[in-house]
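[1] sequence and computational prediction follow.
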Amino acid sequence: MTRSRLRLPGAALAATVLATGLAGCATETTTTESGVELVTDGELTVCTSLPYKPFEFNQDGEVVGFDIDLMDLVAQSEDLEVTVVATGFEGIQSGQSLNTGECDVAAAGMTITDERARVIDFSDPYFEATQALLVPADSDVTSLDDLSGQTLGVQQGTTGELYAEDNAPDDVELRVYEDLGLLTQAVNTGQVDAGINDNGVLYDFANSNDTVEVVAEFDTGEQYGFAVQKDGNPELLELINTTIADAQEDGTYDEIYAEWFGDAPTEPSS
């Protein structure tokens, strides 16, 4: 896979990376020979929200993960370099990051929903997901109902937050966290009695931390999609769909999946 360039906000990182705001200033685009519009010539600029391991996370100053490897495939097909812009998930799902020219495509382990599809254009589904419940390893909680009168952590703007609002007991206190890292840390340190998020990321965290465990899954039938600006870049959308379909057909998708999840999927996402 190609090595991605990383842009992260924050003065502490200014010496080694570019500020996210630089990408947001773009007002013009360039176009490849195949008609794909880009905010920066020669680069596929990818917005993501960190951390969301194993889909995207910072490792030694570079953003890596399942989503990033798939974006690498898209970039390679046009001989482009991948540049990753770390930004808030709310700006991604609302379409703001794409509309302001911060990036060409959003790759953030994002579930395709009707509400989001009104403001962004999704690729074909590339990953199956559902919601799961993370608790401390010594907890007696095994379901949402067991949390009556207790606290439940959710990530802002996610389908997990919506599921908790609709299905948790009325007397459960929901505590909202900006990103996955803050949510899982809250469960791990006992700030909340449980946390809800997508199963892939919670199992990954639990596998690395024996102080927590996943005790339940909720069959929400979710599918992830990559996103581009609404009605703004159909050529890029077609490129993404073709690249992922080809990778699923020739086995490359399964190889990447196995690298990040341990086993190839039982059947390709479609």
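    Thanks, I have the structure now.

[2] now stretch 162-179: buried residues?
    Neighbour-count burial for stretch 162-179 flags Leu162, Tyr163, Ala164, Ala168, Val172, Arg175, Tyr177, Asp179 (criterion: 16 or more other C-beta atoms under 10 Å). No exception for glycine: its C-beta is placed from N, CA and C like everyone else's.

[3] how about these in CSV, adding distance to Ser94, pLDDT and secondary structure?
    Shown next, in CSV, are the buried residues of stretch 162-179 (distance: C-beta to C-beta, whole Å; pLDDT from 0 to 100; DSSP: H, G, I helix; E, B strand; the rest coil):
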residue, distance to Ser94, pLDDT, secondary structure
Leu162, 15, 96, helix
Tyr163, 19, 97, helix
Ala164, 20, 98, helix
Ala168, 24, 97, coil
Val172, 27, 98, coil
Arg175, 22, 98, strand
Tyr177, 18, 97, strand
Asp179, 16, 94, coil
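
[4] got the residues you listed as a markdown table, with distance to Pro54 columns?
    Shown next, in a markdown table, are the buried residues of stretch 162-179 (distance: C-beta to C-beta, whole Å):
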| residue | distance to Pro54 |
| --- | --- |
| Leu162 | 23 |
| Tyr163 | 21 |
| Ala164 | 23 |
| Ala168 | 27 |
| Val172 | 29 |
| Arg175 | 25 |
| Tyr177 | 19 |
| Asp179 | 15 |
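
[5] looking at those, spot the one nearest Ala117.
    Within the buried residues of stretch 162-179, distances to Ala117 taken as C-beta to C-beta reach their minimum at Leu162, with 15.0 Å.

[6] can you tell me how far the closest one is from Val141?
    20 Å (C-beta to C-beta, to the nearest Å).

[7] likewise for Ser148?
    Ser148 is 10 Å from Val141, where distance means C-beta to C-beta.
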